[in-house]
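Chemist: Next one to model:
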Amino acid sequence: NDLNAYINDFEDVHIKHSPNKHYYNNDVGSSLYISPEQAKGEFSFEADIYSFGKLMFFLYEKKDLNAMPHDFSKKAIKMKNANETINKLCEQCLQEPEKRPTIDEIQSIISQEANRPFENVFFFNNKMLSVIQYCIESKLLGSKTLHNFNMKYVWLYFLFKFLSGVDQSNCYLYMGYYYYYGSDYLLDKESHKVKDIHKAISCFEKAGSDNPKALLFLGNIYHYDMHIPRDYLKALYYYQRASNLGNIEALFELGNLYNDDNYNNKNFLQSLHYYEQAAKENHPKSNYLLGKFYFTGNGVEKDINKSMHYFLKAAVLKESDALFELGNLYYYGIGVDKNYIKAGTYYYMANKQNNFNAALVLGDIYSNGKGVDINIAESIKYYLLSIQYINEITINHLNNKYSLMAYSIACNNLGLSYLLEPECRNYEKAVFYIQESALSFYPFGKNNYGLLCELLSDKESEKERAINFYKKASEKDFVLASFNLGRIYEN
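Modeler: Modelled structure (predicted):
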């Protein structure tokens, strides 16, 4: 539990060569790992080196160790998943006792390998382990690219780093990720084990005071995680330490913290200060939020020109929400001349970044023919994309009231397309998507599902279901639902 690696040795060779008399047979240790000379009852200090070589082979290849030859005239089986240096080291360990390296020589080689670039230490499938590290850094959890990898290679790499005394800070960092997200978090974001936050915190703390990524993650745990009590002072402490080490994301999170309604020391000017500091360092989301502040006049004087400036800067940095907002400015003609072509271009670019709002609006554009010819097939495509993007957000537990509202609207509009458009009419799909919309808090969807219940069946139970959904929509002050409710009661 203390995350330290321990190596144990029963020191059989010392006992065998001791002047004291001890009874020993030849079967000391596992037959899978003991050296040929030890199998014959000839104990030597080099026997452990042979066992180390077999263990190394097993860790890399997961092969049946019984297949390893005891004939020194034959070369060791070449490992496909290790580079030339590691292969040579393994081969030397499996030679005659006098040809085996010492433990100091082994440690020196491992230390040198641990200092080399990540993809040079273990390579297979076109050195795709470098992709694993990229995905860790980029938070591409659940990437399909990773599904073909065995996790042992990832953790074996960090084990070598850790045991050789190299980069222990980042070893603890990734062990923290391991405990926080679960053991399979790199391979499948939907099936990870229950995370162990306390072990994760321990790892991040052991990563050291000079590891900004670990400090940032600790700040995020105390600021956002629902599984432990919120501690805004600890979050502030870790964010400040990370930002002092040059972490730009920590500046952004300081802005979020001071703008958090639940933080007793909420201070919008402090929040604005940190967003501006992060924006100067080209932080995409900070530039976008500054654009929103100046667009709405929230805490600052409303200024469309400044808003446009920050949105454009964030858009260059591929911030999808900024691209979406620029689309809105041109679509509605706010601060600029109305231009459906430019609006559509920005919406399209935002959609390419998996922006669910942009996909939803593109669906509406093709449905209504704003700046384009009406194309129901394209409309349905973008509604489905919007739903897909929102589902991906929900899997990552990042959903909020805005994504849920967009989901309801997309389902409702998609259902209506399947219901009303002859070229793609599908009553089963129409009922499914409108019902999905009705089960959320979108009143239009509730009203439409009530209509479906009336139209598609004359059963009394369906009439009661319709009344139930009309009531729910009426509670949201949806006038049409109130009208439909009155119509039913009159009849």
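Chemist: Tell me which helix or strand in the protein has the weakest average pLDDT.
Modeler: For the chain, counting by mean pLDDT, DSSP states H and E, helix 118-121 ranks last in confidence among helices and strands (a mean of 39).
Chemist: so what secondary structure elements neighbour the one helix or strand residue 411 maps to?
Modeler: For residue 411, the element it lies in under DSSP states H and E is helix 401-420. Helix 401-420 sits against helix 356-368, helix 376-395, helix 427-438, helix 443-455, with contacts defined as 3 or more Cβ pairs under 8 Å, 6 or more residues apart in numbering; DSSP states H and E. All C-beta atoms are positioned from the backbone trio N, CA, C, and that covers glycine.
Chemist: Which among these is found nearest to residue 240?
Modeler: For residue 240, the closest of the helices and strands packed on helix 401-420 is helix 376-395, at 29.4 Å, according to Cβ to Cβ.
Chemist: Mind listing what's buried along that closest one?
Modeler: Judged by neighbour count (16 or more other Cβ atoms under 10 Å), helix 376-395 contains these buried residues: 376, 378-380, 382-383, 385-387, 389-390, 393.
Chemist: Taking their axis directions, that helix and helix 427-438 sit at what angle?
Modeler: Here the directions of helix 376-395 and helix 427-438 differ by 40 degrees (axes from the mean of the first three to the mean of the last three Cα atoms, to 10 degrees).
Chemist: what's helix 376-395 packed up against?
Modeler: Counting contacts by 3+ Cβ pairs under 8 Å, 6+ apart, helix 376-395 is packed against helix 356-368, helix 401-420.
Chemist: Need the winner for burial among those helices.
Modeler: Ranked by mean neighbour count under mean count of other Cβ atoms under 10 Å, the helices and strands packed on helix 376-395 are led by helix 356-368, which reaches a mean of 23.
Chemist: same for that helix, what does it pack against?
Modeler: On a contact count with 3+ Cβ pairs under 8 Å, 6+ apart, helix 356-368 meets helix 320-332, helix 340-352, helix 376-395, helix 401-420.
Chemist: Now with 6 Å, please.
Modeler: Here helix 356-368 touches helix 340-352, helix 376-395, helix 401-420, going by 3 or more Cβ pairs under 6 Å, 6 or more residues apart in numbering; DSSP states H and E.
Chemist: which intervals of the stretch 251-400 of the chain have sub-threshold pLDDT?
Modeler: Applying pLDDT under 70 to the stretch 251-400 of the chain picks out residues 394-400.
Chemist: I should have written the stretch 1-150 of the chain there, sorry.
Modeler: Where the stretch 1-150 of the chain drops to pLDDT under 70, the residues are 1-31, 62-77, 81, 111, 113-150.
Chemist: re the thing from before, determine which two of the buried residues of helix 376-395 are furthest apart.
Modeler: Between any two of the buried residues of helix 376-395, the greatest separation by Cβ to Cβ is 26.1 Å, found for 376 and 393.
Chemist: Between the helices and strands packed on helix 376-395, which one is closest to residue 226.
Modeler: The nearest among the helices and strands packed on helix 376-395, by Cβ to Cβ, is helix 401-420 at 16.4 Å.
Chemist: And for that closest one, what's in contact with it?
Modeler: Contact with helix 401-420 is made by 356-357, 360, 376, 380, 383, 386-387, 390, 393, 426, 429-430, 433-434, 436-437, 440, 442, 444-445, as judged by Cβ atoms under 6 Å, 6 or more residues apart in numbering.
Chemist: Direction-wise, compare it with helix 427-438 and give the angle.
Modeler: Computed with the same axes, to 10 degrees, the direction of helix 401-420 lies at 150 degrees from that of helix 427-438.
Chemist: Name all residues that make contact with the closest residue in space to residue 281 that isn't next to it in sequence.
Modeler: Among residues not flanking residue 281 along the chain, residue 248 sits closest, at 4.6 Å (Cβ to Cβ, 6 or more residues apart in numbering). The contact partners of residue 248, taken as Cβ under 6 Å, 6+ apart, are 278, 281, 283.
Chemist: quick one, phi/psi of residue 248?
Modeler: phi -70, psi -40 (degrees, to the nearest 10).
Chemist: gap between it and residue 294?
Modeler: 21 Å (Cβ to Cβ, to the nearest Å).
Chemist: Nearest to residue 203, out of the helices and strands packed on helix 356-368?
Modeler: helix 376-395 (24.7 Å).
Chemist: contact partners of the closest one?
Modeler: Residues outside helix 376-395 that contact it (Cβ under 6 Å, 6+ apart): 354, 356, 359-360, 362-363, 366-367, 399, 403, 407, 410, 413-414, 417, 421, 424.
Chemist: repeat for stretch 299-307
Modeler: Contacts for stretch 299-307 (Cβ under 6 Å, 6+ apart): 268, 291, 293-295, 335.
Chemist: For that stretch, which residues meet the burial criterion?
Modeler: Taking 16+ other Cβ under 10 Å as the criterion, stretch 299-307 shows 300, 306-307 as buried.
Chemist: That one: how far from the chain's middle?
Modeler: Remark: stretch 299-307 is offset 34 Å from the chain centroid, using Cα atoms, centre = their mean, to the nearest Å.
Chemist: Neighbours of the residue nearest to residue 342 when sequence neighbours are not counted, how many?
Modeler: Nearest non-adjacent residue to residue 342, counting by Cβ to Cβ, 6+ apart: residue 330, 4.3 Å away. By the criterion of other Cβ atoms under 10 Å, residue 330 has 22 neighbours.
Chemist: what's the answer for residue 230, then?
Modeler: 15.
Chemist: State the distance from it to residue 219.
Modeler: Remark: distance between residue 230 and residue 219 (Cβ to Cβ) = 12 Å.
Chemist: of the buried residues of helix 376-395, closest to residue 168?
Modeler: Nearest to residue 168 out of these is residue 393 (Cβ to Cβ; 35.1 Å).
Chemist: Could you say which helix or strand holds the closest residue to residue 287 other than its chain neighbours?
Modeler: Among residues not flanking residue 287 along the chain, residue 314 sits closest, at 3.7 Å (Cβ to Cβ, 6+ apart). Taking DSSP H and E as the criterion, residue 314 maps to helix 304-316.
Chemist: Take the helices and strands packed on helix 401-420 and lay them out in a markdown table including distance to residue 42.
Modeler: As requested, the helices and strands packed on helix 401-420 are exported to a markdown table (distance: least, Cβ to Cβ, whole Å):
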| stretch | distance to residue 42 |
| --- | --- |
| helix 356-368 | 70 |
| helix 376-395 | 59 |
| helix 427-438 | 74 |
| helix 443-455 | 81 |
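Chemist: Those: which one's closest to residue 91?
Modeler: Set against residue 91 and scored by Cβ to Cβ, those come closest in helix 376-395, at 45.6 Å.
Chemist: what angle do that closest one and helix 356-368 make?
Modeler: Helix 376-395 runs at 160 degrees relative to helix 356-368, counting by the same axes, to 10 degrees.
Chemist: how about the helices of the stretch 151-300 of the chain, start to end?
Modeler: Per DSSP state H, counting those that start in this stretch, the stretch 151-300 of the chain carries helices over the ranges 151-163, 168-181, 197-206, 212-224, 232-244, 248-258, 268-280, 284-296.
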